[in-house]
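> here are the coordinates; sequence isn't available:
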């Protein structure tokens, strides 16, 4: 699956590209509306993530022009929060709308939902994620341990989903903060430890000797597959 990400914030594009590539997507990028139109015409992406405020041509104008020749799913990104701004985005042909700053996992969930809805993702089966005795239903955001429902908070689910999607890969606390919490609690590294401890208590048979949610001492955490 090919995703086009267009934004003039270079660091934001780099972060989105990194996370989407970890999901197995091919990612192409641009920095303005003109490049977005050209990429849709020449590279045939399956979905577009498009910023609203950009130089040369803004995202709303680009969205309208893309809609004149393509039904590709489009997610708009913007720093604006007013309901009228969102309605303008939908009026210009956008399928979804995400306000900055946003959680990267929310963006990935919306991408999956739009791909399924558009039929582009028919060949992928990403609704269920299971490793060992732990299963996640990504649509309902429910977690199961040996088939039994386990109540997780929204952030706990985000953490375990991210780790399970990237098994055996070690992430530092800073990595997890930047990826899952984004702008929230960036200076409080202990929040990662607290969530890992709670996940072990809820999902491991013996939290003191975990089988799945592992620590790489001096480095970070990973999900063992």
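Thanks, I have the structure now. Quick caveat, the model's predicted, so the values are computed rather than measured.
> Lowest mean pLDDT among the helices and strands, pick that one out for the protein.
For the chain, using mean pLDDT, DSSP states H and E, the weakest element among its helices and strands is helix 83-91, scoring a mean of 61.
> Secondary structure class of the residue nearest in space to the middle of the chain, three-state.
Nearest to the geometric centre of the chain sits residue 108, at 2.6 Å (C-alpha atoms, centre = their mean). Following DSSP: H, G, I helix; E, B strand; the rest coil, residue 108 is assigned to helix.
> likewise residue 143?
Applying three-state DSSP: residue 143 is strand.
> so how far is residue 61 from it?
For residue 143, the distance to residue 61 (C-beta to C-beta, to the nearest Å) stands at 42 Å. No exception for glycine: its C-beta is placed from N, CA and C like everyone else's.
> For these two, indicate the residue with more neighbours.
Legend: neighbour count by other C-beta atoms under 10 Å for residue 143 and residue 61, higher for residue 143 (23 against 17).
> Is the more buried one bridged to anything, and to what?
Bridge pairing for residue 143 (DSSP bridges) gives the partners residue 136, residue 150.
> Please spell out which residues along stretch 176-183 are buried.
176-177, 179-182 (16 or more other C-beta atoms under 10 Å).
> Next secondary structure element downstream of the least confident helix or strand of the chain?
Moving toward the C-terminus from helix 83-91, the next helix or strand (DSSP states H and E) is strand 96-99.
> Neighbouring strands - and their directions - for that next one?
strand 74-78 (parallel).
> Please state the mean pLDDT value computed over the strand it pairs with.
Here strand 74-78 scores 90 as its mean pLDDT.
> Give me the contacts around that strand.
Applying C-beta atoms under 8 Å, 6 or more residues apart in numbering, the contact partners of strand 74-78 are 7, 47-53, 59-60, 63, 66-67, 85, 89, 93-100, 102, 107, 110-111, 114.
> With stretch 148-159 instead?
With contact meaning C-beta under 8 Å, 6+ apart, stretch 148-159 is reached by 103, 105, 136, 141-144, 160, 176, 180-181, 192, 195-196, 198-199, 202-203.
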